[in-house]
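> I would like to see how this sequence folds:
(chains A and B)
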Amino acid sequence: MKFYARRIAFYVVTLWATISLNFLLPRLLPGDPADILLAKMQRAGGELTETTVRNIKALLGGDSSSMWEQYVAYWGRMLQGDLGVSVTKYPTPVTELIAAALPWTVILVGLATVISFVLGVGIGAWVGWRRGTWVDHLVPFTTVLQSIPYFWLALVLVAIFSVALGVFPIFGGYDVWAFPDGPEWSWEFIGSAIYHGFLPALTIVLSSVGGWLLGMRNMMVSTVSEDYIVTAEAKGLKPMRILRTYATRNAAIPSIAGFSISLGFVVAGSIVMEQVFTYPGIGKLMIQSVQNSDYALMQGVFLVITVAVLAANFIMDIVYGFIDPRARHNV
Amino acid sequence: MIRNAKRRAALIAVAGTAILGIGLSGCAGGGGDDSGDSEGRTLRVWAGSQTPIEANFNPFSPSVLHAALGPIYEPLFFYNKTADEAPAPMLGESFEYNEGGTVITVKLKDGVKWNDGEDFTADDAAFTFNYEPNHRDGLVSAEATDDTTVVLTYETPQFTNEFQILGTTWMLPEHIWSEVEDYTTFTDEEPVGTGPYVVDKVTDASYTVVANDEFRDEGVPAIKKVQYIGIDANQSAQDLLTAGELDWTGMFVPNPDSVTSNGVISMLNTPQDPTVLYTCSNADLGCTGPQTDVAVRQALNVAIDRGTIKEKAFVGLTGDISPTFALLPRDQKWVADPANEVSPQSPDSAAAGEILEAAGYAKGGDGFYAKDGAPLELSLVSVDGWTDYNDAAKLISEQAAEAGIKVNASTVQWQEFSDARQTGQYQLIMGGVIGTSVADPFQIYKDWFIGESTSQVGQEVPAGRWNFSRYDNAIVNEAVAAAAATNDEAVKQEAYAAVQAEIVRDLPYIPLVINATQTFFNTKDFTGWPTEDDLYAFPPAWGSVASGYVLQHLEPVK
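As a prediction, the model looks like this:
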């Protein structure tokens, strides 16, 4: 029991620290949202009347109260579930923006991460099993895919499949022309959402499968040389049974630990993917908030991400303590 | 065997999902087109919105959606910023100034209704001009003298503010806005305006407006439904145009032929906003560096190869700039000296050398000029990622070197650029000047050149003013004040001649090009767009007021 209490206390302190950092970091960034907005409107060629300038300065001007007062007020609001009002989408509450974006990111990036993991570990196990044969060529091939700049891979896929061949859509989370009234619960809509999610998911899978594959393959190679595998072979077990029941299970343990961490990062979305595909997710909120010095939105997004990562870590810790008694005694 | 069977099953599942998706989406797309056929197709527009879209049609909000400004809310008159012509009536019928320019009497159209069915009256107009965020400094009163007349009285002459007062003040229904508690947080999700469209639906990804049944002109608008979408990447918009899935936008595309070659989309280029080199020119206000010497600015001005900059950095799409900052040919009548119609397009290093030598500079062994042992070396910054500006800065650096002037081009983050120009702590910056919305360079002279529009180095320039060069010249200040107080064209021309003589010589901003404004629209399915020959409005989809005006002229191709 002491183990769990200690772990929980640790996470509470970490949570406090991250939330405080979350308060501090955006304030260390340079920039005044009002100036940024004005200059943007100017560059876009909009009409800038004195009235507009005055209004924007009045709406978005800096906060003059002291850092400590802001910090206390920040905690007060946080405990009430109020993350403030976004400047970029003034005056929409941050919680509303995040609530609208989160499901898209979690489903798409989550599924893509799972698919990438299953493929990577599956193929990695097979490649490790058949080490030294032609299948080893899969390793450099997938790592090359991973090293291609992500946005470039996405743009190439769009250029080929969407523009040249016209088989996939160019942008969006669903067909905005066919569903001008927004998301609805119908098979057509779900079909449209799957169809629109395919290319974004493909780019994530293509660019991340290499890492899983390489890690799994190398673990597999070292596992296969373990004594208990030799024993299993000597006892005449079928090779398939050795592969699935003995080698893969043991080799996959480090990958599973890594997987739980990467699940935590799913909520961070995939910034570049969401930007290239105009996909309605969290990553895009993050980039917009940083570009516009939108402190409230930035804090909201960072908070969701850090909490998700901490939660994933926490669950992993608990699970590890449960499956591996050594973890419980060593701390 | 088992392994193979599983893999095959997985493959089939993946393929099946993909095919299912394509099939379903195909059906959905077809359905959308069918429903549009009865009253013509929906016009699909990208006006620059980014996702997620949040319903906000409050014209005072910085995050207002584009459709509010023109398609829904309207000002009294429409000013075509692409031509020198009288304003067109919108909600106003006619207006006149008193002799001193302090009183404007506006006749309103009769029988106009708000889209909720209420009458638009002079009381609404008077309410609008008195409404807090619209209240201009010096407004004495705004009164409705009868149902269709509103009289605006000011303390000072308002001749040069005509466009701001009559062309950008959105008319508000008193019965709605008098109930609004705080206009800064009001999101106005069901806007009541007089324009040709009303809001139908707003989602995260797009919003739709439909024809206003109460609109004053019979049969207008002919396009019954307009859908504005949110796109985050310019490349997506370009791809959608190429694929014929987008009908109207205004955005920069360096190779427009790739978009227009499908025979559906046409491009119209209307250069509007000057691109210049800001120079921190005024040593009296604290500027430092060689560019505070007028000879250096003049030498740079003739050393620059504008033709090459236009071709290489701006892919040939920009317009030629006049050092008077009048937009030609629109503002032709305001250019006093025909010699100042256009800045030199090809470089003249010899002339640059002569100017510098006359000012006491001497060429050193390294090929660069120096004065009193101090080398002539300038720093030029541009914002990282504004690639056209970055390229132009590099070209300027090379061209200046030919003439013996060392210009070190570098890129900075946006914030650094903003701080530098606001506080005057820079030597040269690649920057923009806001073009005027009426056929008159007055706004540029007032906001960018007079002493009142600037401040000491180290302090920000006054809000809404843009004199980043710290230029302060008594002759210019007086002439601008004189021009503001008159409606007499001859007097104004005289004042502008004085301004132009000073700024063309002093070059506080070294003119480079007029930036391109590209508009892409679908001419296969829709007619009535502005054209090269009939440029009745500024064409891009994001144009405030103008976009609503263009929508009234569009018709589906039968």
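> Now do the contacts for the residue in the stretch 201-331 of chain A positioned nearest to chain B.
Per CB to the nearest CB, A:T278 is where the stretch 201-331 of chain A lies closest to chain B, at 4.4 Å. No exception for glycine: its C-beta is placed from N, CA and C like everyone else's. The neighbours of A:T278, taking CB atoms under 8 Å, 6 or more residues apart in numbering or on different chains as the test, are A:F171, A:G172, B:T51, B:G230, B:I231, B:D232, B:A233, B:S236.
> The closest residue to the third one other than its chain neighbours: neighbour count?
Nearest in space to B:T51, with sequence neighbours left out and distances taken as CB to CB, 6 or more residues apart in numbering or on different chains, is B:G230 at 3.8 Å. By the criterion of other CB atoms under 10 Å in any protein chain shown, B:G230 has 23 neighbours.
> doesn't B:V202 make contact with B:G230?
No. Using CB atoms under 8 Å, B:G230 makes no contact with B:V202, being 10.7 Å away.
> who touches both of these two?
Common contacts of B:G230 and B:V202 (CB under 8 Å, 6+ apart): B:I53.
> Let me know how buried residue 201 is, in neighbour terms.
No chain specified, so I'll use chain A. Neighbours of A:A201 (other CB under 10 Å): 21.
> Switch to chain B, please.
With other CB under 10 Å as criterion, B:K201 counts 14.
> is it true that it lies in a strand?
Yes. Remark: B:K201 belongs to a strand, assigned using DSSP: H, G, I helix; E, B strand; the rest coil.
> Contact partners for it?
B:K201 neighbours (CB under 8 Å, 6+ apart): A:P180, A:D181, A:G182, B:Y207, B:T208.
> So which of the residues you listed wins on neighbours?
Among the contacts of B:K201, the one with the most neighbours (other CB under 10 Å) is B:Y207, at 25 neighbours.
> That residue should be in a strand, yeah?
Yes. Checked against three-state DSSP, B:Y207 lies within a strand.
> Let's see the pLDDT reported for it.
Looking at B:Y207, its pLDDT reads 95.
> and what of B:I429?
For B:I429, the pLDDT comes out at 96.
> so it touches B:V276, yeah?
No. B:I429 is beyond contact range of B:V276, at 9.1 Å (criterion: CB under 8 Å).
> what about B:D213, neighbour count?
9.
> pLDDT (mean, whole number) over stretch B:100-118?
Across stretch B:100-118, pLDDT averages out at 94.
> Mind listing what's buried along it?
B:G101, B:T102, B:V103, B:I104, B:V106, B:K107, B:L108, B:K109, B:V112, B:W114, B:N115 (16 or more other CB atoms under 10 Å in any protein chain shown).
> May I have stretch B:301-314 as PDB, with CA atoms only?
Extracted C-alpha coordinates of stretch B:301-314, given in PDB (Å, rounded to 0.1, in the frame of the first residue of the first chain):
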ATOM      1  CA  ASN B 301      16.700  54.500 -54.200                       C
ATOM      2  CA  VAL B 302      18.500  54.800 -57.600                       C
ATOM      3  CA  ALA B 303      20.800  51.700 -56.900                       C
ATOM      4  CA  ILE B 304      17.800  49.400 -56.500                       C
ATOM      5  CA  ASP B 305      16.800  47.300 -59.600                       C
ATOM      6  CA  ARG B 306      13.000  47.300 -59.200                       C
ATOM      7  CA  GLY B 307      12.500  45.400 -62.400                       C
ATOM      8  CA  THR B 308      14.500  42.400 -61.200                       C
ATOM      9  CA  ILE B 309      12.900  42.500 -57.800                       C
ATOM     10  CA  LYS B 310       9.400  42.400 -59.400                       C
ATOM     11  CA  GLU B 311      10.400  39.500 -61.600                       C
ATOM     12  CA  LYS B 312      12.400  37.400 -59.200                       C
ATOM     13  CA  ALA B 313      11.000  38.100 -55.800                       C
ATOM     14  CA  PHE B 314       7.300  38.800 -56.700                       C
END
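> Contacts for that stretch next, please.
Under CB under 8 Å, 6+ apart, the answer for stretch B:301-314 is B:316, B:318, B:320-321, B:323, B:343-349, B:351-352, B:355, B:388-389, B:391-392, B:395-396, B:399-400, B:402-403, B:405, B:507, B:510-513, B:515-516.
> just to revisit the earlier point, so which of the contacts of B:K201 would you say is closest to A:A17?
Distance ranking of these against A:A17, using CB to CB, places A:G182 first at 39.2 Å.
> ok, for whichever residue of the stretch 351-500 of chain B sits closest to chain A, nearest residue in space, not its chain neighbours?
Here the stretch 351-500 of chain B gets closest to chain A at one residue, B:G464, 4.0 Å apart by CB to the nearest CB. Counting by CB to CB, 6+ apart, B:G464 lies nearest to A:V53, which is 4.0 Å off, once chain neighbours are set aside.
> Tell me where the stretch 51-200 of chain A has strands.
For the stretch 51-200 of chain A, applying DSSP state E, counting those that start in this stretch gives no strands.
> Return the closest of the contacts of A:T278 with respect to B:T156.
The closest of the contacts of A:T278, once distances to B:T156 are taken by CB to CB, is B:G230, at 42.6 Å.
> Report the residue spans of the chain with pLDDT below the cut-off.
With no chain named, the answer covers chain A. By pLDDT under 70, the low-scoring segments of chain A are A:1, A:30-33, A:36-37, A:39-52, A:55-56, A:58-64, A:269, A:323-331.
> not what I meant, chain B
Residue ranges of chain B with pLDDT under 70: B:1-39.
> and B:K107, what helix or strand is that in?
Assessed by DSSP states H and E, B:K107 sits inside strand B:103-108.
> now for that strand, which elements pack on it?
With contacts taken as 3 or more CB pairs under 8 Å, 6 or more residues apart in numbering or on different chains; DSSP states H and E, strand B:103-108 sits against strand B:92-97, helix B:122-130, strand B:149-154.
> any chance of these in CSV, with mean neighbour count and distance to B:D525 too?
Below are the helices and strands packed on strand B:103-108 laid out as CSV (neighbours: other CB atoms under 10 Å in any protein chain shown; distance: least, CB to CB, whole Å):
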stretch, mean neighbour count, distance to B:D525
strand B:92-97, 16, 33
helix B:122-130, 21, 37
strand B:149-154, 20, 40
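> Residue 232: how many residues sit nearby?
Because you didn't say which chain, this covers chain A. By other CB under 10 Å, the residues close to A:A232 number 18.
> oops, I was thinking of chain B
Neighbours of B:D232 under the rule other CB under 10 Å: 22.
> Regarding it, what is its secondary structure?
Applying three-state DSSP: B:D232 is coil.
> Could you verify my assumption that it touches B:S49?
No. With contact defined as CB under 8 Å, B:D232 does not count as touching B:S49 (9.5 Å).
> mind listing what the nearest residue to B:F526 once chain neighbours are set aside touches?
Spatial nearest neighbour of B:F526, excluding adjacent residues (CB to CB, 6+ apart): B:L554 at 5.3 Å. B:L554 sits next to B:L43, B:P221, B:A222, B:I223, B:F526, B:T527, B:G528, B:W529 when contact means CB under 8 Å, 6+ apart.
> Of these, keep whichever come out buried.
Among the contacts of B:L554, those scoring as buried are B:L43, B:P221, B:A222, B:I223, B:F526, B:G528, B:W529 (criterion: 16+ other CB under 10 Å).
> In TSV: these, plus distance to B:S455.
Listed next are the buried ones among the contacts of B:L554 as TSV, based on distance: CB to CB, whole Å:
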residue	distance to B:S455
B:L43	46
B:P221	46
B:A222	51
B:I223	48
B:F526	48
B:G528	47
B:W529	44
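> what does the stretch 351-500 of chain B have sitting close to chain A?
Contact residues, the stretch 351-500 of chain B versus chain A (CB under 8 Å from any CB of the partner chain): B:W414, B:Q415, B:S418, B:D419, B:Q422, B:G432, B:I434, B:G435, B:S437, B:A463, B:G464.
> ok, 6 Å please
By CB under 6 Å from any CB of the partner chain, the part of the stretch 351-500 of chain B that sits against chain A consists of B:Q415, B:S418, B:I434, B:A463, B:G464.
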